[in-house]
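> Requesting a structural model of the entry that follows:
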Amino acid sequence: MLASYSLPADMTVSGTYQVSSGPIITATWNAPNSDHLPGASKKSLRPGATATKSVQLIEPGTLCDSYQNQLDLRFSKRMRIGR
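Reported below is the predicted structural model:
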């Protein structure tokens, strides 16, 4: 929502109000290969392979923090320079 209002003496006040959902909450566990690949060792991994696997503990996009409210106000005065 936004609004603007003219005041006497060439002054203006304006503002915006915004409500948005909070940031998405994520949780990731970097599981060592020894936990999800029985019998795997660092020697058995191919060159360049990582020794962990990322496991999502919370399904992405399902859990959000609380709503956030934001209010912005602006006051301005028009000034004439010259003539």
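
> Spit out the contact partners of the residue at minimal distance from the centre of the chain.
The centroid of the chain falls nearest to P23 when counting by CA atoms, centre = their mean (4.9 Å). Contacts for P23 were tallied using CB atoms under 8 Å, 6 or more residues apart in numbering; they are 64-65. C-betas here are computed from N, CA, C, even on glycine.

> Do you know the pLDDT at it?
Looking at P23, its pLDDT reads 87.

> L63 now?
What the model reports as pLDDT for L63 is 86.

> With adjacent residues omitted, what lies nearest to it?
I25 (4.4 Å; CB to CB, 6 or more residues apart in numbering).

> measure the one you found to Q68 for me?
Distance, I25 to Q68, using CB to CB, to the nearest Å: 14 Å.

> now Q56
Distance of Q56 to Q68, given as CB to CB: 24 Å.

> Could you tell me the end-to-end distance of stretch 69-83?
44 Å (CA to CA, to the nearest Å).

> chain center to it, what's the gap?
Distance of stretch 69-83 from the chain centroid (CA atoms, centre = their mean, to the nearest Å) equals 30 Å.

> For L71, grab the count of nearby residues.
Using other CB atoms under 10 Å, L71 is surrounded by 8 other residues.

> Please give me every residue in contact with Y5.
By CB under 8 Å, 6+ apart, the contact set of Y5 is 12-14.

> So this protein: which segments form each domain?
What automatic domain parsing lists as the domains of the chain is 1-22+66-83, 24-63.

> For the ones you listed, which has the smallest mean pLDDT value?
domain 24-63 (a mean of 74).

> Now do the helices in this protein.
Applying DSSP state H to the chain gives helices spanning 33-36.
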